[in-house]
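> Give me a model of this one.
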Amino acid sequence: MEVQAEALVALVEDRLATKRDIADLKQNFKEMDGKSETRSKELDVKLETRSKELDVKLETNLADMKRDFKELDVKLETNLAGMKRDFKEMDTKLETSLRELELRMILKMGGMILAGIGILFGLMRAWPLPVQFAPIPGQEIRQTVPQSPLGR
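Numbers count the residues shown, from 1 in each chain. Below you'll find the predicted structure:
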């Protein structure tokens, strides 16, 4: 029985916690709790610092973006003004070209009409058409009698 008692004591000591074990565990938990609080405070400080750094960077980037947008706006306005000026110049040149083209077309058309009339008159002289005049009713027709140079 002594052997059984020793085995039972060994088993109990091995499996059950003593007051000393519990005290050690409590001490370990207190140390870990203190370390975790310290670490948590350190992380809070780091997080706050990093957050402030990011805020500063964000504000700087926003200021840079605003400046860039203003520069782009000025460039865009300048380009638009230049384009408007160019379009006005092109419009003026186009109007001038259209007037010149219209004048040339009028001159060519007039020349073609005159040439056509000239050709018509030339054809009429080359091949005259027999024309027969019909008296208008109610109008008297006078005919002259040809006189001979000898007789009267």
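> C-alpha only now, for contacts and for neighbours.
OK.
> where in this structure is pLDDT low?
Low-confidence segments of the chain (pLDDT under 70): 13-17, 131-146, 148-152.
> Helices of that one, start to end?
Secondary structure of the chain, counting by DSSP state H: helices at 2-15, 19-126.
> Please tell me how far the most centrally placed residue in the chain sits from residue 69.
Of all residues in the chain, the one closest to the mean position by CA atoms, centre = their mean is residue 76, 12.2 Å from it. Distance of residue 76 to residue 69, given as CA to CA, to the nearest Å: 10 Å.
> With distance to residue 147 added, can I get the helices of the chain in CSV?
What follows is the helices of the chain, written out as CSV (distance: least, CA to CA, whole Å):
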stretch, distance to residue 147
helix 2-15, 173
helix 19-126, 30
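> Quick one: residues contacting residue 66.
Under the criterion of CA atoms under 8 Å, 6 or more residues apart in numbering, residue 66 has no contact partners.
> do you know how far it is from residue 55?
Between residue 66 and residue 55 the distance is 16 Å, computed by CA to CA.
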